[in-house]
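Engineer: Sequence and computational prediction follow.
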Amino acid sequence: MTKKMTKIIVVILGILALLYVLGSLVFSQVYMPNTSVNGADISLQSRAELPKLFKQSWSNYYLKLNGRGDKTDVIRATDIDYVETMPSFDGERENPWAWPILAFVPKDYKVDTSIEYDDEKFEKELAELHIVSDSDIVDPQPERIAYENGKGYYIAPAESGTRINGPKLKRAVLKAFHSQDRSMDADAAKLYIEPKPAESPDKMKNHVASLNAIESYALTYNFSDREEALSGQSLIDLHSADETGALVPDEEKVKGYVEALAEKYDTFHGTRDFKATGGAMMRIEGGIYGWQIDQAKTSEQLMTALKAQQSEEMEPIYKRKARSRNVDDIGDSYIEIDLARQHMWLYSHGNLVVQTDIVSGNPYAGNGTPTGVQEIWMKERNRTLKGATWSSYVRYWMPFDWTGCGIHDSSWRGSYGGSIYLGGGSHGCVNTPSSKAPIFYENAFEGMPVIVYNSSKHAI
């Protein structure tokens, strides 16, 4: 080795020794590179001034929050009066002479700092964040049953939404502050409320299959000039889910539906508006004429149809039937009796066949002829009518209610109409002249409506 080379090596070693000494002196006063406390970088910070500098660092500290939909927020330590104070810690006793090695080794010291902040201000700050309070925030949606035209019912996938978990957000922000992180991704921190999983996927599948089966058919009740359709949701409403999630006909719901059907369409004992001879409208309540659904049998009929799941047009099963199922169930063939005018008419297919004055029941003796839309429920010849104190033979007998009142001839009377009934009326029957009774009898039929009203009371 030459003298020149020796000098060069000596100089280099001297420089390295000087750098080593200078580094030791420097790192006895400041922290080495790759040094952090509680995750916060303190590299090259003064050892003596660290607690003071650490406390002061909060005056300009902020955390940036990044959320879904490009939403961003910033929370500053000063906004919530956040500050941490740090005591001395073991990192001060690092051997500065070992800096050539320690400077390249990551060192994160855990220190119990003293944390202070205004919780009320913190809660207010969190509540006003864009990722928390914007109007377009939506809740997560779990898997759910949905409907689409042409596709039917299906299981829609879960949707994440943009609703933040408040308590989790608060804990995450405090943790980020403690580490003096500069940013936090809400997704990465798992701060969003996740959609709840379906309680029972198999039940949901069975439910969807049932819905699509119900969607495939319709039931229609025919009421002549009206119909009551059951399809889609109205059919679904008559079912309940069983333990497997499948939909099965619900007997109680079916009974409720049939009860509502009867309330809507039954006319038996109902109220009708009737255009009387002469043109006036009468509102007439009660009577034995009209439609009455047999609710028990109709419920059974509907349960059977629901189980079959086939499209079908049906009629309810009736206890009582009228002549027409139209809204005007009286039709155009009927007997009309006005107690005020003491007159009776018979119409057949809209044509007046016969009319006559009558004598009806005596209202002052408690025998007034009952009003209402009644019905000829029997026709009989040569009948002896009997009461507690009387007996009358008649040739033509047509009872129209269930109290014993009816239309019959009355050979014992010489005059009809006017006010005879108020003093010498019948026991409730409609006394008819012997010359007219046969005509009424011949043109009447069982089931024929008999409209009895008092035009002085029922006109509207």
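Structural biologist: Received it, and whenever you're ready, just let me know what you need. Numbers count the residues shown, from 1 in each chain.

Engineer: what separates the residue lying closest to Ile214 once chain neighbours are set aside from Leu219, distance-wise?
Structural biologist: Spatial nearest neighbour of Ile214, chain neighbours left out: Leu235 (5.1 Å); criterion: CB to CB, 6 or more residues apart in numbering. Every residue, glycine included, has its C-beta placed from N, CA and C. Distance, Leu235 to Leu219, by CB to CB, to the nearest Å: 7 Å.

Engineer: Between those two, which contacts overlap?
Structural biologist: Common contact partners of Leu235 and Leu219 (CB atoms under 8 Å, 6 or more residues apart in numbering): Leu306.

Engineer: circling back to that earlier point, got the CA positions of the helix or strand hosting the residue nearest to Ile214 in CSV?
Structural biologist: Assessed by DSSP states H and E, Leu235 sits inside helix 233-236. Backbone C-alpha positions of helix 233-236 (Å, rounded to 0.1, in the frame of the first residue of the first chain) are rendered in CSV as follows:
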residue,chain,number,x,y,z
GLN,A,233,-102.2,-8.1,-4.2
SER,A,234,-105.9,-8.7,-3.4
LEU,A,235,-105.3,-12.4,-3.7
ILE,A,236,-102.1,-12.3,-1.7
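
Engineer: Against which helices or strands is it packed?
Structural biologist: Helices and strands touching helix 233-236, as assessed by 3 or more CB pairs under 8 Å, 6 or more residues apart in numbering; DSSP states H and E, comprise helix 201-215.

Engineer: Quick check: Lys55 is in a helix.
Structural biologist: Yes: secondary structure of Lys55 (DSSP: H, G, I helix; E, B strand; the rest coil): part of a helix.

Engineer: since we're on the spatially closest residue to it that is not a sequence neighbour, how many residues are nearby?
Structural biologist: Residue nearest to Lys55 in three dimensions, not counting chain neighbours: Thr85, with 5.2 Å by CB to CB, 6+ apart. Neighbour count of Thr85, defined by other CB atoms under 10 Å: 13.

Engineer: can you pull up the bridge partners for Thr85?
Structural biologist: Ser114 (DSSP bridges).

Engineer: Identify the residues contacting stretch 424-434?
Structural biologist: Stretch 424-434 is contacted from outside by 337, 344, 356-363, 365, 367-370, 385, 387, 390, 395-396, 403-411, 413, 416, 440, using CB under 8 Å, 6+ apart.

Engineer: Ends of stretch 276-292, what's the gap?
Structural biologist: Distance across stretch 276-292, first residue to last, is 25 Å (CA to CA, to the nearest Å).

Engineer: buried stuff in it?
Structural biologist: For stretch 276-292, a neighbour-count test (16 or more other CB atoms under 10 Å) marks Ala276, Met282, Ile284, Gly286, Gly287, Ile288, Tyr289, Gly290, Trp291, Gln292 as buried.

Engineer: Save these as JSON lines, and put in secondary structure too.
Structural biologist: Shown next, in JSON lines, are these (three-state DSSP):
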{"residue": "Ala276", "secondary structure": "coil"}
{"residue": "Met282", "secondary structure": "strand"}
{"residue": "Ile284", "secondary structure": "strand"}
{"residue": "Gly286", "secondary structure": "coil"}
{"residue": "Gly287", "secondary structure": "coil"}
{"residue": "Ile288", "secondary structure": "coil"}
{"residue": "Tyr289", "secondary structure": "coil"}
{"residue": "Gly290", "secondary structure": "coil"}
{"residue": "Trp291", "secondary structure": "coil"}
{"residue": "Gln292", "secondary structure": "strand"}
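
Engineer: Make CSV out of those residues and add pLDDT.
Structural biologist: Listed next are those as CSV, based on pLDDT from 0 to 100:
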residue, pLDDT
Ala276, 98
Met282, 98
Ile284, 98
Gly286, 97
Gly287, 97
Ile288, 97
Tyr289, 98
Gly290, 97
Trp291, 98
Gln292, 98
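
Engineer: Output those as a markdown table; include the columns distance to Gly150.
Structural biologist: Shown next, in a markdown table, are those (distance: CB to CB, whole Å):
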| residue | distance to Gly150 |
| --- | --- |
| Ala276 | 55 |
| Met282 | 53 |
| Ile284 | 51 |
| Gly286 | 51 |
| Gly287 | 51 |
| Ile288 | 51 |
| Tyr289 | 48 |
| Gly290 | 44 |
| Trp291 | 40 |
| Gln292 | 42 |
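
Engineer: which helices and strands does the helix or strand following the helix holding Leu235 pack with?
Structural biologist: Going down the chain from helix 233-236, the next helix or strand is strand 239-241, by DSSP H and E. Helices and strands touching strand 239-241, by 3+ CB pairs under 8 Å, 6+ apart, are helix 201-215, strand 247-249.

Engineer: change it to 7 Å
Structural biologist: strand 247-249 (3 or more CB pairs under 7 Å, 6 or more residues apart in numbering; DSSP states H and E).

Engineer: Now do the buried residues in the strand it packs on.
Structural biologist: Going by neighbour count (16+ other CB under 10 Å), the buried part of strand 247-249 is Leu247, Pro249.

Engineer: so what strands line up beside it?
Structural biologist: Strand 247-249 has these strand partners (DSSP bridges): strand 239-241 (antiparallel).

Engineer: Show the average pLDDT along the partner strand.
Structural biologist: In this model, strand 239-241 has a mean pLDDT of 97.

Engineer: list the buried ones in that strand?
Structural biologist: Using 16+ other CB under 10 Å as the test for burial, strand 239-241 gives His239.

Engineer: what comes into contact with it?
Structural biologist: The contact list for strand 239-241 (CB atoms under 7 Å, 6 or more residues apart in numbering) reads His207, Ile214, Leu247, Val248, Pro249, Asp250.

Engineer: Kindly recompute the last result at 8 Å.
Structural biologist: With CB under 8 Å, 6+ apart as the test, strand 239-241 has contacts from Lys203, His207, Ser210, Ile214, Leu247, Val248, Pro249, Asp250, Lys253, Leu306.

Engineer: related to what we said a few turns ago, my guess is the residue nearest to Ile214 meets Thr220, correct?
Structural biologist: No: using CB atoms under 8 Å, Leu235 is not in contact with Thr220, being 11.2 Å away.

Engineer: list the buried ones in the helix or strand hosting Ala260?
Structural biologist: Here Ala260 sits within helix 251-265, counting by DSSP H and E. Across helix 251-265, burial judged by 16+ other CB under 10 Å covers Val254, Lys255, Tyr257, Val258, Leu261, Ala262, Tyr265.

Engineer: That helix: what's the following helix or strand?
Structural biologist: Next in sequence after helix 251-265, counting helices and strands by DSSP H and E, comes strand 271-275.

Engineer: Need the contact partners of that next one.
Structural biologist: Met281, Met282, Arg283, Ile284, Glu285, Gly286, Ile330, Val373, Ile451, Tyr453, Ile460.

Engineer: Distance to Pro433 added to those residues, as CSV?
Structural biologist: Listed next are those as CSV, based on distance: CB to CB, whole Å:
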residue, distance to Pro433
Met281, 29
Met282, 24
Arg283, 30
Ile284, 25
Glu285, 29
Gly286, 28
Ile330, 25
Val373, 24
Ile451, 20
Tyr453, 21
Ile460, 31
